[in-house]
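1. Structure for the following, please:
(chains A and B)
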There are 2 protein chains.
Amino acid sequence: MEVLNAKGTRDYSGEEAIIRERIVKLLRSIFEMYGFSPLDGPILERYETLSAKYAGGAEILKETFRLVDQGKRDLGLRYDLTVPLARFLAMNPQTKLPFKRYQIGKVFRDGPVSSNRIREFTQCDVDIVGTRSLAADAEMLAIAYEFLTKIGIKPIIKVNNRKVLNTIIDDCGIEKESRDFVILAIDKFDKIEEKGVKEELFAKGIPPDKIIKLFKLLKSDNLKLSDEQGLIELKEVLKFAGLFGVKNIKVDYSLARGLAYYTGTVFEVYAGDVKEAITAGGRYDKMIGEFMGSGSYPAVGISFGLERVSNLVLNSKNPGVYTESKTVTTVYIIPIGIFDEAVNVLNELRKAGINSDIDLSNRGISRNLDYADKLKIPYVLFIGKQELSKNKFKLRDMRTGKEELFSIKNLIKKLTE
Amino acid sequence: MEVLNAKGTRDYSGEEAIIRERIVKLLRSIFEMYGFSPLDGPILERYETLSAKYAGGAEILKETFRLVDQGKRDLGLRYDLTVPLARFLAMNPQTKLPFKRYQIGKVFRDGPVSSNRIREFTQCDVDIVGTRSLAADAEMLAIAYEFLTKIGIKPIIKVNNRKVLNTIIDDCGIEKESRDFVILAIDKFDKIEEKGVKEELFAKGIPPDKIIKLFKLLKSDNLKLSDEQGLIELKEVLKFAGLFGVKNIKVDYSLARGLAYYTGTVFEVYAGDVKEAITAGGRYDKMIGEFMGSGSYPAVGISFGLERVSNLVLNSKNPGVYTESKTVTTVYIIPIGIFDEAVNVLNELRKAGINSDIDLSNRGISRNLDYADKLKIPYVLFIGKQELSKNKFKLRDMRTGKEELFSIKNLIKKLTE
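-> Now for the predicted structure:
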């Protein structure tokens, strides 16, 4: 038998698994600090839910994993956390609004695989459902700003508003029917640059004079539009973001975001010169209500891709979240001849909350040191008869090789520093 | 469109979602304290892996969700976290042993649905691969003991050893070929009681005198066997468990555990008089090595079912992990007429690490109080012009209705208590 993982899936072990845990922990603590509470739900959804008219749309359905259960029911693996949120609200209409929930979970896309695209990945989503206040939009930016700052990365935040984009397209004399593909073309700006976007629009039959006017407006420093609503909203989001202490925001009228369901604010957050956005989101005031069939459920959300954030931390090597350890163990006990008494010391360390391990296999000192070294465990503690009788234990700092004697009390103090 | 979740799946919201998070956090901290590090891996596995000879076996394969990807590859959703662990080790033979890993993730079983059985659930697994030391088995018991004690439940631990059970069956003169189904019958002891097990064995052709002898040995207080190895191991596990401070252990020779792959220690941990085990596990010295095709990979593990533990906490209502709050928010700010200045106070509270929220929708006081009350947010803070000018803010304890004035500094002190 050939032993392989499924195409487009990955294991995460050693330092990468530890870094992922730390990122999730940090995101979770920030989400909770901002008043969001957890929601957890199934990966399996009825295919009818995933393929609903106001759900993810045709493009994403092509990449949806489908399956049937023993009762021949049509199922699929969720491709995002937003459609399940809409389904949850539809099933729980008594939910108190505004509903501020975060959700961290696996999503699946049966698409082409590349170094940057896998088929099973983890999204960390935050959404506020039930308020039109643009302070909610600003809270999303605040969360992104706080998270990136805490992992030692200077964030660059780009914001725009779909109403601005729509009015720009209108004001160029481009018909409403062309709006969606014009927005999709503008969304490729970063990938195919101005020339590419222009060619695509021309190929789709937009006259050159309108394309020129479009780019003039998209790059304008002092935009005047026939309908100011989008610009007013943008200004208000910037004001609220300022109140929340968010810095480094740039308005970019050419920022589009691909998804059809955005209705207002859209934003992308970049880390230094990394080309792809680290996190992004926007306001979608109609999607949930349309999904539910009735009622008003304005919403705004942000989504962090765990794999992308994790790569950023692995590459930046900033202390805090980054670790080069392959274990979370702080100290590894090497018993010399006496296991039982060494366990007493181990118990003390664990009781003090120190991540501690011990050689269970009665190996020699050099094999044990090699083990601790390979796993990059920071400290090794030797416990032999002599140490026990004097109640002093030799702690070796594995990074410096320095050895020192400690009583248990001082050992705990040293290791909880 | 009918809006439903997929059969056998569930959403977790409000206090239940919060309790799940707290349980996972506590388990994770205990796992790490005991020297285990995280491993994360895919839910999608190649069907060939899940159906391998030494994997879960025919019974579990019947309940495996199968699907194909766009490249027509045969895939399945993992039904446990042990087979993926074996697959990971087979792909990473350079992994340093002993390998102490924990993994928390969703698993799937396409089986009958009941109040106690769903199709998508979360397992929290700990395994030590690469040591025959029975101190490793004792660490599993220590983890279970520590966890249950920390959630305020008195654990009752039952242990046995498969070698004991095998020798008991041999010593009754029952042929080796019948061993597996005799063990499966004994495993049903809790469900169908002694009478039921006896009937099942008789129906399978075991003569009555052998059945009587079998039960005499299973209930013996002073067991003597032709092969003492299992009894020696049991004694040693008890000794090590004592060293780790584990209490309330009972040897139960009739404890079998259903899975075929156990080779030594088996155990189940009960919470008070709850009929079903809260967590269980055992030693499986051959499975991983056979899966990998070569090499010796003795292993021992324990698995906590998150749903079962969560029900226990919900029912016991013990403080610590239990909460009746529907949010993690500590304080909810009601701005009276002035939003922008209230955000400054909000920023201060969040900076101090207090989970804080604010009314974004400019609602009236009574609607805001109703919102905070329904979500069981413990504190509400009123911020109006008067409060700002005096730099004193009125905090209302929502449980008692008591209101008090605080400066920001004292407010932070009060809320971080």
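2. What parts of the stretch 101-250 of chain A come near chain B?
-> Residues of the stretch 101-250 of chain A found near chain B (Cβ under 8 Å from any Cβ of the partner chain) are A:101, A:106, A:108, A:110-111, A:119-120, A:128, A:130-133, A:135-136, A:139, A:240, A:243-245. The way it works is simple: take the backbone N, C-alpha and C, and place the C-beta from them, glycine included.
3. again, only using 6 Å
-> For the stretch 101-250 of chain A, the contact set with chain B under Cβ under 6 Å from any Cβ of the partner chain comprises A:110, A:120, A:131, A:133, A:135-136, A:243.
4. In helices, which of those appear?
-> Among those, the ones falling in helices (DSSP state H) are A:135-136, A:243.
5. any chance of these in TSV, plus pLDDT, distance to residue B:217 and neighbour count?
-> Listed next are those as TSV, based on pLDDT from 0 to 100; distance: Cβ to Cβ, whole Å; neighbours: other Cβ atoms under 10 Å in any protein chain shown:
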residue	pLDDT	distance to residue B:217	neighbour count
A:135	97	72	24
A:136	98	68	25
A:243	97	75	19
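6. out of those, who's nearest residue B:60?
-> Nearest to residue B:60, judged by Cβ to Cβ, of these is residue A:136 at 45.7 Å.
7. which residues touch the closest one?
-> Neighbouring residues of residue A:136 by Cβ atoms under 6 Å, 6 or more residues apart in numbering or on different chains: A:128, A:300, B:360.
8. Now distance to residue B:161 and secondary structure too, for those, in JSON lines please.
-> What follows is the contacts of residue A:136, written out as JSON lines (distance: Cβ to Cβ, whole Å; DSSP: H, G, I helix; E, B strand; the rest coil):
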{"residue": "A:128", "distance to residue B:161": "55", "secondary structure": "strand"}
{"residue": "A:300", "distance to residue B:161": "58", "secondary structure": "strand"}
{"residue": "B:360", "distance to residue B:161": "60", "secondary structure": "coil"}
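9. Can you find the residue of the stretch 151-300 of chain A that comes nearest to chain B?
-> Nearest residue of the stretch 151-300 of chain A to chain B, counting by Cβ to the nearest Cβ: residue A:243, 4.5 Å away.
10. from memory that residue sits against residue B:343, does it?
-> Yes: counting by Cβ atoms under 6 Å, residue B:343 is a contact partner of residue A:243 at 4.5 Å.
11. Which two among the residues of the stretch 101-250 of chain A next to chain B are spaced furthest apart?
-> Pairwise distances across these peak at 42.8 Å for A:110 and A:243 (criterion: Cβ to Cβ).
12. quick revisit: by neighbour count, which of the contacts of residue A:136 wins?
-> Neighbour counts for the contacts of residue A:136 (other Cβ atoms under 10 Å in any protein chain shown) peak at residue A:300, which has 28 neighbours.
13. which ones are touching the closest residue in space to that one that isn't next to it in sequence?
-> Among residues not flanking residue A:300 along the chain, residue A:283 sits closest, at 4.3 Å (Cβ to Cβ, 6 or more residues apart in numbering or on different chains). Going by Cβ under 6 Å, 6+ apart, residue A:283 touches A:137, A:263-265, A:300.
14. hang on, residue A:310 packs against residue A:20?
-> Yes: shown here, residue A:310 and residue A:20 form a contact pair, counting by Cβ under 6 Å, at 5.3 Å.
15. Number of residues surrounding the residue in the stretch 101-250 of chain A that chain B sits nearest to?
-> Closest contact between the stretch 101-250 of chain A and chain B, by Cβ to the nearest Cβ, is at residue A:133 (4.0 Å). Residue A:133 has 21 neighbouring residues, counting by other Cβ under 10 Å.
16. wait, it sits on residue B:360?
-> Yes: proximity of residue A:133 to residue B:360 meets the contact threshold set by Cβ under 6 Å, at 4.0 Å.
17. Is the spatially most central residue of chain A in a helix, a strand, or coil?
-> With distances taken as Cα atoms, centre = their mean, the residue of chain A nearest its centroid is residue A:304 (2.2 Å). At residue A:304 the chain is in strand, as set by DSSP: H, G, I helix; E, B strand; the rest coil.
18. Kind regards, and thank you for your time.
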